[in-house]
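[1] I would like to see how this sequence folds:
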Amino acid sequence: MSHEIRLAVLLSGTGSIFEAVLASGIRVTLVASDRPCRGLDVARVAGIDTELVDRRHYGGFSASFDRVRYTARLLESLSARDIELVAMAGFGTVLSSQVHEAYPMRILNTHPSLLPAFPGWHSVAEALESGVDVTGCTVHFATLETDAGPVIAQEEVKILPGDTVDTLHERIKQAERVLYPATIRRVIDHIAAATPVHTPEGARR
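    The predicted structure follows:
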């Protein structure tokens, strides 16, 4: 390819999925977070540029949180590094429409269910409560509507007798640590080749 696609990873926690991305050999240009977290430390140790765009300076987690101003500030960080693709990896802030206008179909996310089943924050618990035999993880393009963007890839995870939210979620995370880096690589290759990314036949959205 003519140049290496500049990838930013957005995270808020331990950075375990980000570590899987790094271990796969994908080059990351920037790691940004909405709060101090271990994921930023992992990036610094790896010599990757980091930026903390702290929610506390924009109203924190209260009703006064200024989502539009926060998103604009994060976009400044992405633009300053000429970022071309964004991968969310446990990023806890829902961003405003500005970011989707700036990166249409260039923001990836991973979700712990087989979307469109069980969107939202409690998907693992809801899968257990529903009585289904299989759940899994989904990599999709993020859109303004949460967990509603086009599906790119999915991996099934069986629900076992005696599973708890914690045990099931850990197995889903194990699947994500394989599926997400592979899908990011696939999208990078498509961007470099200027070809559209195929989404599963019949997938919702």
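
[2] Do a quick rundown of the strands in the chain.
    Across the chain, reading from the start of the chain, the strands by DSSP state E fall at 7-11, 30-33, 49-52, 85-88, 107-111, 134-141, 151-158.

[3] got the contact list for the first one?
    Strand 7-11 is contacted from outside by 17-18, 21, 26-34, 37, 39-40, 43, 74, 78, 81, 83-91, 184, 188, using Cβ atoms under 8 Å, 6 or more residues apart in numbering. Quick note: C-beta positions are derived from backbone N, CA and C, even for glycine.

[4] switch to 7 Å and redo it
    Outside strand 7-11, the residues within contact range by Cβ atoms under 7 Å, 6 or more residues apart in numbering are 18, 21, 26-33, 37, 39, 78, 81, 83, 85-91.

[5] leaving aside the residues next to it on the chain, what's closest to the most centrally placed residue in the chain?
    Centrality entry for the chain: nearest residue to the mean C-alpha point is residue 88, 2.5 Å, by Cα atoms, centre = their mean. Using Cβ to Cβ, 6 or more residues apart in numbering and skipping the chain neighbours, the partner closest in space to residue 88 is residue 109 (4.4 Å).

[6] distance of residue 3 from residue 198?
    Counting by Cβ to Cβ, to the nearest Å, the gap between residue 3 and residue 198 amounts to 23 Å.

[7] List the residues that contact the closest residue to residue 132 other than its chain neighbours.
    Among residues not flanking residue 132 along the chain, residue 159 sits closest, at 6.7 Å (Cβ to Cβ, 6+ apart). Contacts were defined as Cβ under 7 Å, 6+ apart; by that measure residue 159 touches 127-128, 132-135, 168.

[8] Can you give me the distance of residue 159 to residue 11?
    Going from residue 159 to residue 11 by Cβ to Cβ gives 27 Å.

[9] List the neighbours of stretch 71-84 that are in contact with it.
    Judged by Cβ under 7 Å, 6+ apart, the contacts made with stretch 71-84 from elsewhere in the structure are 5-6, 8, 29-30, 32, 49, 51, 53, 86, 95-96, 98-99, 102, 106, 191.

[10] Buried members of those into ChimeraX, please.
    Isolation of the buried members of those (16 or more other Cβ atoms under 10 Å) is achieved in ChimeraX through the command below:
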select :5,6,8,29,30,32,51,53,86,95,96,98,99,102,106,191
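
[11] Hmm, residue 6 and residue 188 touching each other?
    No - at 10.0 Å, residue 188 does not count as touching residue 6 under the criterion of Cβ atoms under 7 Å.
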